[in-house]
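Q: Predicted model and sequence follow; I will ask about them next.
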Amino acid sequence: MGLFGLFNREKKESLDKGLSKTKESIFKRLGRLIAGKSKVDDDVLDELEEILITSDVGVDTTLKIIERIQERVKHEKYQGTEELNTILREEIAALLAENHKSSVDDFDLPQESRPYVIMVVGVNGVGKTTTIGKLAYRFKKAGKKVMLGAADTFRAAAIEQLEVWAQRVDVPIVKQKMGADPASVAFDTVSSAKAQGADVVIIDTAGRLHNKINLMNELSKIKNVMKKIVPTAPDEVLLVLDGSTGQNAFEQAKQFTKATEVTALAITKLDGTAKGGVVIGVSDQFSIPVKYIGIGEGIEDLQLFDKKAFVDSLFGE
């Protein structure tokens, strides 16, 4: 087996392991649902609806999936419950494809934007700092020159945690004291990155939702000052969500998409939960692509989201 094939196999094994709790939960219940049933009728669909909702796919997305299955059963004359697994898999894959036009398979960056600026948002405790650190590692491993900006100045711990990651990955970090103006930190970071020829800049921001107006104003100010250095900045606004919180992740997505224009999602901690269905629901409800998923604590356990690999892993090859 070649090096590329070995890498793909290791990546698949990591994904399978990371999604194992969700897969086990869904398939155990699907198995019980199908047992003794000969056809896909209203009772089967009602129970399937409950399985999806309690797997945190979300009510609206679940209803959409159930309606699609009903149509297929009716028009394609599916009768036996043995086909239900295949139909469910195909409909989830189709739903994900609507918000993920292509599968990304590397940490390359657009040639026209240097530095490429990523502004990371999300509440405290979702794995935001860890995600930034792992992203920095991934980009550096891909041969990119990376710089971090500690613009979450609301908590001293946030600055210290990001500094630990910067040292671990061996990338430069721009920081100021706790309580400093976050926009000032962002401005200094992007200015320094441009002067030093960095390829990618990752800016951390405060994760407060207690006052949406303040959050909105703060994020807008950060964006505006970065544009003075790099007119395209931020090239990406990445919202980090904790997959293990289920419906709470939906609420956070709702609040942050109101506060700023979110362009991509990172969903963390999927390895510790049976609520992996949140990936499907959040992507569908907010029409924002999931770009990264966290499937373990290791530095390599932040993967680019590949919709085909995700469905394959969830339903088996």
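A: In hand now; what should we look at? Numbers count the residues shown, from 1 in each chain.
Q: give me the element Ile202 is part of.
A: Under the criterion of DSSP states H and E, Ile202 resides in strand 200-205.
Q: oh, I was asking about Leu314
A: Element membership for Leu314 (DSSP H and E) is helix 307-315.
Q: coming back round to it: residues making contact with the strand holding Ile202?
A: 109, 115-121, 128-129, 132, 135-136, 139, 144-152, 158, 162, 182, 185-186, 189-190, 193, 218-219, 222, 226, 234 (CB atoms under 8 Å, 6 or more residues apart in numbering). Yep, even glycine has a C-beta here, placed from its N, CA and C like the rest.
Q: Tell me how far that strand lies from the chain's centre.
A: Here the centre of strand 200-205 is set off from its chain's centre by 16 Å, with CA atoms, centre = their mean, to the nearest Å.
Q: The strand or helix carrying Glu71 packs against which elements?
A: In this structure, Glu71 sits in helix 59-75 according to DSSP H and E. With contacts taken as 3 or more CB pairs under 8 Å, 6 or more residues apart in numbering; DSSP states H and E, helix 59-75 sits against helix 42-54, helix 84-99, helix 278-286.
Q: can we see that at 10 Å?
A: Using 3 or more CB pairs under 10 Å, 6 or more residues apart in numbering; DSSP states H and E as the contact criterion, the elements in contact with helix 59-75 are helix 42-54, helix 84-99, helix 247-259, helix 278-286.
Q: returning to that earlier point: tell me the angle of the helix holding Leu314 relative to helix 278-286?
A: Counting by axes from the mean of the first three to the mean of the last three CA atoms, to 10 degrees, helix 307-315 lies at 130 degrees to helix 278-286.
Q: as a whole number, average confidence for helix 307-315?
A: Average pLDDT, helix 307-315: 84.
Q: tell me the angle of that helix relative to helix 84-99?
A: Going by the same axes, to 10 degrees, helix 307-315 makes 150 degrees with helix 84-99.
Q: okay if I get the helices and strands packed on helix 59-75 as TSV plus mean neighbour count, mean pLDDT and distance to Val171?
A: As requested, the helices and strands packed on helix 59-75 are exported to TSV (neighbours: other CB atoms under 10 Å; pLDDT from 0 to 100; distance: least, CB to CB, whole Å):
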stretch	mean neighbour count	mean pLDDT	distance to Val171
helix 42-54	16	88	41
helix 84-99	17	86	31
helix 247-259	18	89	26
helix 278-286	24	91	28
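Q: Quick one: closest of those to Leu33.
A: Among the helices and strands packed on helix 59-75, helix 42-54 comes nearest to Leu33, with 5.0 Å by CB to CB.
Q: How far away from the center of its chain is that closest one?
A: 26 Å.
Q: Show me what it is in contact with.
A: 25-30, 32-34, 37-38, 40, 57-59, 61-63, 65-67, 69-70, 73, 81, 84, 88, 92, 246-247, 274-275, 277, 280-281 (CB atoms under 10 Å, 6 or more residues apart in numbering).
Q: And those residues, which of them are buried?
A: 25-26, 29-30, 33-34, 37, 40, 57-58, 61-62, 65-66, 69, 73, 81, 84, 88, 92, 246, 274-275, 277, 280-281 (16 or more other CB atoms under 10 Å).
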